[in-house]
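**Q** Got a predicted structure plus its sequence, pasted below:
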Amino acid sequence: MRNLGSKNSIPFEFVCLCLFLAIFSLSSTAFAGGGQLMLNPSTINFSAVSVGTSQTQAVTVTNPGGSKMTVTQATVSGTGFTLSGPNYPVTLSGGQSATCYVTFNPQSTSSVSGNLSVWYSTQSNGKGHGGQISTTSTVTLPVSGTGVGTGLLTTNPTSLIFGNIQMGNSQTLTETLTNSGAASLTISAVSTTSSFVVSGLSLPIKLSASQSVSFSVIFSPTSSGTVAGSMTITSNASNPTVNVPLSGTGVSQGTLGANPTSLSFGGVTVGNNKSLSETVTNTGGSSVTISQVSASGTGFSLSGITAPLTLTAGQSATFTVTFTAASATGASGNVSIISNASNATLNIPLSGTGVSQGSLGSNPTSLSFGSVAVGNNNSLSETVTNTGGSSVTISQTSISGSGFSISGITTPVTLTAGQSATFTVTFTPASATGASGSVSIISNASNTALSIPLSGTGVAPGQLAASPASVNFASVPVGSTVSLVQTLTNSGGSALTISQITPSGAGFGMSGIVLPLSLAAGQSTTFSATFAPQSGGSFAGNLTITSTGSNSPLSVPLSGTGSLPGQLTITPVSLNFGSVMVGTTQSQTGVLSAGSSAITVSSVGVSGSQFSVGGISLPVTIAAGSSVSFQVAFAPQTAGAASSNVTFVSNAANSPTVQSLSGTATAPQHSVTLSWNTSTSSDVAGYNIYRGTVSGGPYTRINSTLNTAPYYSDSTVQAGQTYYFVTTAVDSSGLESSYSNQAQAVVPSP
């Protein structure tokens, strides 16, 4: 009921509105004695979590005040974050706490952020208004995390090579495994193959990011040869299986070998010595240590090697053994090598012989040069040999006697036992008289001066005589060659050498002799002088003969006449083949005749590809007054007139000689015969025939008037073409049917 007469009264509607506003204001303000809900920790950070795994952190929710608080809801935002904990609502008295859990399960290798939001409410009494007032608030906690990759297992080294290990021994190498990924990994198994064993690794083992672990791999070969194996490491890394190649070679015990297997010093002059090189090699698979080296036997000693000495597999050591001869007798001994090789004692036999002083001998014991032309020389070979048991040194050589000289030996020269030296002695007589002398050889041999007697006789020089003294070839046809025998005789008192024969003059030559040529006194040789005139007329020349004779050069005059050849006649001078069908061949005969002189036909040529010549083998010589026949063939390939020339080349005066050719090629005539079934219509007046050059048309009518019969012959076709034919039927009113089936015709070529 409203009382509008009192000024202290408030309208009902206004009172209700004021009350609503008061309640609204109180819902956003904490009551006295209350507080804000606290979260611990204040932030959550998942620093590095491997993709595919999860990590959880606890969050404590505490009521720090004296009034009750009710947690009504909690949520978490951000990809990969989830929330678990108590069932809401949860009421907390003053000082009381509750725990919830945030889990991060990253889906990719990236950083993610979000928020944990907790809603809670408090209850308090309203001042002056009566009843309870509820206040709702929210507390937010930042959440972040980073997804990282899984662990990555790497090895160092990536392979283990143990090298050569003697059987029965072992070799240990270190291997290191490192987690090169961004997350921890666990190694669960390590296995090896063949003769390899792992030591120093306790499994399973966990490696954090960048963490490493080292262990040993042992190779213990049980047989000789290369062993290839592997080590397999199994883990939960992104590369769950890692293989490390393993290799090593089992080798046998070292063995010593000698090269050469024995030393023979041969003969050594008493009081002198000789040294030889010896090499020992470890031919086994492992190292060998030489502990002692010694030489036995009279006159033998060694140098260049000191024990102990270690040789690896394949390694060698070289030293020197010396033999000093004390007497002219044989000696033997031994080099003994003691080591830890499979052949613990290696013996190298030694032998040598002490020999007496060397002695020189000559072969031949004298040199006789016989007869030598004055101004010429003759050389003979001489050999001196050390026939003694020790080396000889020649300190001087000299020669005596008129016309004698020595070459090919330079002093000093040393000859070992049995060794020889060869040199040359030359006799150059200055006059036609006898001469004598000697070669004197001075050395430290037992015969210190060796003398070799020399003798020779100077004789008059050689002289050439020609028979005939001049050569006349008379008449020779131009293009022909005539040979005449020429004899040369040494009419002097000593040998001579013919070095060169030079012909001069047009058409003259020589053959049948190989130079240089030596002729003894009174000896002869023959050869051919030739004349091959290239033109008509008289010719003159010479043979100039160069030799070591006293009358060098010798000239032999040459003369001859070139006679011109006769005429070559062709019968007939022209050939006409008339009409010849393309693709066929027609032949005609021609005749070549010589006049008063023989004629040689050397070649024939034909112009044009449709004519050819046969029936004659060239070159051919036609005797004077004689003839030979030949065949000319015309084989046209294309229609039309054709012409050509046959050209004969000869030594005739009228060469080349030409015969003209002509003929006409005619193309073969082709036609296509067509036939077809008659129309079933009774009103057919005739048929039209159509032709095209492309399958399916277009077609062109080829009959000028209507064809009444069911067949037709087309004689206008061309050789080598393909045609396509169709027909139509025409009735009495002129109405024409559609095309018949197509027929194909291929015209041959030509």
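**A** The structure has been received and is ready for your questions. Numbering: from 1, shown residues only.
**Q** May I have the helix or strand containing residue 472 exported as CSV, CA atoms only?
**A** Element membership for residue 472, per DSSP states H and E: strand 471-477. Included here for strand 471-477 are C-alpha records, laid out as CSV according to Å, rounded to 0.1, in the frame of the first residue of the first chain:
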residue,chain,number,x,y,z
VAL,A,471,125.6,-47.8,-124.3
ASN,A,472,123.3,-47.2,-127.4
PHE,A,473,119.6,-48.1,-127.0
ALA,A,474,118.8,-47.4,-130.7
SER,A,475,115.1,-46.8,-131.3
VAL,A,476,112.6,-47.3,-128.4
PRO,A,477,108.8,-46.5,-128.7
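**Q** So what's the gap between the helix or strand following it and the chain middle?
**A** From strand 471-477 onward toward the C-terminus, using DSSP H and E, the following helix or strand is strand 482-490. From the chain centre to the centre of strand 482-490 is a distance of 62 Å (C-alpha atoms, centre = their mean, to the nearest Å).
**Q** Contact partners for the residue nearest to residue 675 when sequence neighbours are not counted?
**A** In space, and not counting its chain neighbours, residue 675 is closest to residue 711: 4.0 Å by C-beta to C-beta, 6 or more residues apart in numbering. Heads up, the C-betas are built off the backbone N, CA and C, glycines and all. Listed by C-beta atoms under 8 Å, 6 or more residues apart in numbering, the contact set of residue 711 reads 673-676.
**Q** Look up how far residue 700 lies from residue 711.
**A** For residue 711, the distance to residue 700 (C-beta to C-beta, to the nearest Å) stands at 19 Å.
**Q** tell me the secondary structure for the spatially most central residue of the chain?
**A** Nearest to the mean C-alpha position of the chain, counting by C-alpha atoms, centre = their mean, stands residue 226 at 30.8 Å. State at residue 226, reduced to three classes by DSSP: H, G, I helix; E, B strand; the rest coil: strand.
**Q** Across the sheet, point out what pairs with the closest residue to it other than its chain neighbours.
**A** Nearest non-adjacent residue to residue 226, counting by C-beta to C-beta, 6+ apart: residue 249, 4.7 Å away. Judged by DSSP bridges, the bridge partners of residue 249 are residue 164, residue 226.
**Q** Could you count how many residues lie near the residue nearest to residue 415 when sequence neighbours are not counted?
**A** Excluding the flanking residues, the one nearest residue 415 by C-beta to C-beta, 6+ apart is residue 386, at 4.0 Å. By the criterion of other C-beta atoms under 10 Å, residue 386 has 24 neighbours.
**Q** Quick check: residue 386 touching residue 357?
**A** No - Residue 386 is beyond contact range of residue 357, at 10.1 Å (criterion: C-beta atoms under 8 Å).
**Q** shared neighbours of these two, which are they?
**A** Joint contacts of residue 386 and residue 357 (C-beta under 8 Å, 6+ apart) are residue 445.
**Q** one step back: quick check, pLDDT for the residue nearest to the centre of the chain.
**A** pLDDT for residue 226: 91.
**Q** The one helix or strand residue 362 maps to packs against which elements?
**A** According to DSSP H and E, residue 362 maps onto strand 360-363. Applying 3 or more C-beta pairs under 8 Å, 6 or more residues apart in numbering; DSSP states H and E, we find strand 360-363 packed against strand 378-386, strand 434-443, strand 449-459.
**Q** Show me what the first one is in contact with.
**A** Contact partners of strand 378-386, identified using C-beta under 8 Å, 6+ apart, comprise 358-364, 367, 369-370, 372, 392, 394, 415-427, 439, 441, 445, 450, 452, 456.
**Q** Convert the C-alpha atoms of that strand to CSV, please.
**A** C-alpha atoms of strand 378-386 as CSV (Å, rounded to 0.1, in the frame of the first residue of the first chain):
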residue,chain,number,x,y,z
ASN,A,378,142.1,-52.1,-93.1
SER,A,379,141.1,-52.6,-89.4
LEU,A,380,141.3,-55.8,-87.3
SER,A,381,140.0,-56.5,-83.9
GLU,A,382,142.3,-57.6,-81.0
THR,A,383,141.3,-59.1,-77.6
VAL,A,384,143.4,-59.2,-74.4
THR,A,385,142.1,-61.5,-71.6
ASN,A,386,143.1,-61.8,-67.9
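**Q** The contacts of residue 711 in helices, which ones?
**A** Nothing among these maps onto helices, per DSSP state H.
**Q** Now render the residues you listed as TSV, adding distance to residue 740.
**A** Putting these into TSV (distance: C-beta to C-beta, whole Å) gives the following:
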residue	distance to residue 740
673	16
674	10
675	12
676	6
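**Q** Let me know the closest of these to residue 103.
**A** Distance to residue 103, by C-beta to C-beta, is smallest for residue 676 among those, at 95.4 Å.
**Q** Relative to residue 687, how far out is the closest one?
**A** Counting by C-beta to C-beta - residue 676 and residue 687 are separated by 8 Å.
**Q** Overlap in contacts, these two.
**A** With C-beta under 8 Å, 6+ apart as the test, residue 676 and residue 687 both reach 710, 727.
**Q** between the two, which one's more packed in?
**A** residue 687 (24 against 17).
**Q** Could you pull up the contacting residues of the more buried one?
**A** Counted by C-beta under 8 Å, 6+ apart, residue 687 has contacts 676, 703, 706-708, 710, 712, 727-730.
**Q** Dig out what it forms beta bridges with.
**A** residue 707, residue 729.
**Q** how much space is there between it and residue 677?
**A** 11 Å.
**Q** helix/strand/coil for residue 245?
**A** strand.
**Q** mind listing what the nearest residue to it once chain neighbours are set aside touches?
**A** Nearest residue to residue 245, sequence neighbours excluded (C-beta to C-beta, 6+ apart): residue 159, at 4.2 Å. For residue 159, the contacting residues are 244-247, by C-beta under 8 Å, 6+ apart.
**Q** how about low-confidence regions in the stretch 51-200 of the chain?
**A** 124-132 (pLDDT under 70).
**Q** if we go to 50?
**A** 128-129 (pLDDT under 50).
**Q** In CSV, list the C-alpha atoms belonging to stretch 427-443.
**A** Output of stretch 427-443 as CSV, limited to C-alpha atoms (Å, rounded to 0.1, in the frame of the first residue of the first chain):
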residue,chain,number,x,y,z
PHE,A,427,146.8,-50.4,-91.1
THR,A,428,146.9,-47.4,-93.5
PRO,A,429,149.8,-48.0,-96.0
ALA,A,430,151.5,-45.0,-97.4
SER,A,431,153.3,-46.9,-100.2
ALA,A,432,153.2,-50.2,-102.0
THR,A,433,155.6,-52.0,-99.7
GLY,A,434,155.5,-54.4,-96.8
ALA,A,435,155.2,-53.1,-93.2
SER,A,436,155.7,-54.6,-89.7
GLY,A,437,155.2,-53.4,-86.1
SER,A,438,153.8,-54.4,-82.7
VAL,A,439,151.2,-53.5,-80.0
SER,A,440,152.8,-53.2,-76.5
ILE,A,441,150.6,-53.6,-73.4
ILE,A,442,152.0,-52.6,-70.0
SER,A,443,150.1,-53.9,-66.8
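**Q** Quick check: residue 206 touching residue 179?
**A** No - counting by C-beta under 8 Å, residue 179 is not a contact partner of residue 206; they are 9.0 Å apart.
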